[in-house]
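**Student:** sequence and predicted structure are below.
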Amino acid sequence: MRFAIKTAPQHTTWSDMLAVFRAADDIEVFESGWTFDHFYPIFSDPTGPCLEGWTTTTALAQATTRLRVGVMVTGNVYRHPAVLANMAATVDVISDGRLELGIGAGWNQQECDAYGIELPALKERFDRFDEALAVIVGLLTNETTDFEGRYYRLREARCEPKPVQRPHPPICVGGAGEKRTLPAAARWAQHWNFVAGPPEVFAHKRAVLVAACEEIGRDPSEITTSTQIFLGREQEPKEVAEQAAAFADVGCDLVVVGFAPPHTPAVLQPLAEAVQPLTGS
């Protein structure tokens, strides 16, 4: 099993997040570090501080040398996909090829209402998401891209410079919807993230993803599967290791460990020691 860290940039400070990422950069157990894409804190006091995810991730990429970095996951409704493609290419260049491109359809009604951002009904949201994935991949891989969709249109569109990683940075699709999200992951993703839930639900969703891959003739082993486990302030790292082992038993490749604020690098070494036996190294 592989491991990553996540510091959601809410109820925290830049200096605390920076300290965690710099320390994790020196601990090989952790292969990647993630933020999130929200403008208000979620599942907590929404009036608290919340740093913008892509800006924060770019700065963290510049402050590290080994960790892969990503936003888990970008809300498609917040940015035009052509803009996001240019952002992704730029961050991949800045990080010397360490970007993981996380994306989802978007869901946060509170943020959208506050900022006047349209959050369409579910069907349209996923229709836009499917088109957005095609737009992003086209711009990151082709010299010029033409696209004629219902929601997005490109005319000889360019995205230069191209990302360091070719054909493009790994795309991580987040979510567990069986009708739209998992088929989209089967078609476009190199990484699928199961946000939360018990191992048996993960196993079911993974089976749906495998079936969707088989339906289009894609090898499901090309897609890394991951889940998120939260390490609270009162929890012991061994609890994360126990949960991770249960997910490994049902075919999960990667565990992304989210840390509660206030963020501190002191949690990293005990966690690394607790999960080391699961890595096989």
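**Tutor:** Thanks, I have the structure now. Numbers count the residues shown, from 1 in each chain.

**Student:** and the nearest residue to P9 once chain neighbours are set aside, what does it touch?
**Tutor:** Nearest non-adjacent residue to P9, counting by CB to CB, 6 or more residues apart in numbering: L51, 3.8 Å away. No exception for glycine: its C-beta is placed from N, CA and C like everyone else's. Listed by CB atoms under 8 Å, 6 or more residues apart in numbering, the contact set of L51 reads P9, Q10, T12, W14, M17, T35.

**Student:** can you map out the strands along this structure?
**Tutor:** Using DSSP state E, the strands of the chain run over 2-6, 30-35, 68-71, 74-75, 99-104, 145-148, 153-157, 171-174, 191-194, 224-231, 254-259.

**Student:** between those strands, which gets nearest to E118?
**Tutor:** strand 74-75 (12.0 Å; CB to CB).

**Student:** packing partners of that closest one?
**Tutor:** Under the contact criterion of 3 or more CB pairs under 8 Å, 6 or more residues apart in numbering; DSSP states H and E, strand 74-75 touches strand 99-104.

**Student:** ok, and what's touching the strand it packs on?
**Tutor:** Counting by CB under 8 Å, 6+ apart, 32, 34, 37, 61, 68-76, 84, 88, 91-92, 129, 132-133, 136, 163, 165, 168-175, 181, 191, 193 sit against strand 99-104.

**Student:** can you tell me how far the residue nearest the centre of the chain is from A184?
**Tutor:** Among the residues of the chain, the one closest to the centroid is M72, at 2.7 Å (CA atoms, centre = their mean). Distance from M72 to A184, counting by CB to CB, to the nearest Å: 16 Å.

**Student:** and what of E160?
**Tutor:** 27 Å.

**Student:** more crowded one of the two?
**Tutor:** A184 (23 against 8; other CB atoms under 10 Å).

**Student:** please enumerate the helices of the stretch 151-281 of the chain.
**Tutor:** In the stretch 151-281 of the chain, the helices defined using DSSP state H, counting those that start in this stretch lie at 181-188, 199-216, 237-249, 268-279.

**Student:** these: which one's closest to T55?
**Tutor:** So among the helices of the stretch 151-281 of the chain, helix 268-279 is nearest, using CB to CB, at 23.4 Å.

**Student:** can you report how many residues lie near the residue lying closest to L278 once chain neighbours are set aside?
**Tutor:** Closest residue to L278 apart from its sequence neighbours, by CB to CB, 6+ apart: M1 at 4.5 Å. Here the number of neighbours of M1 (other CB under 10 Å) works out to 18.
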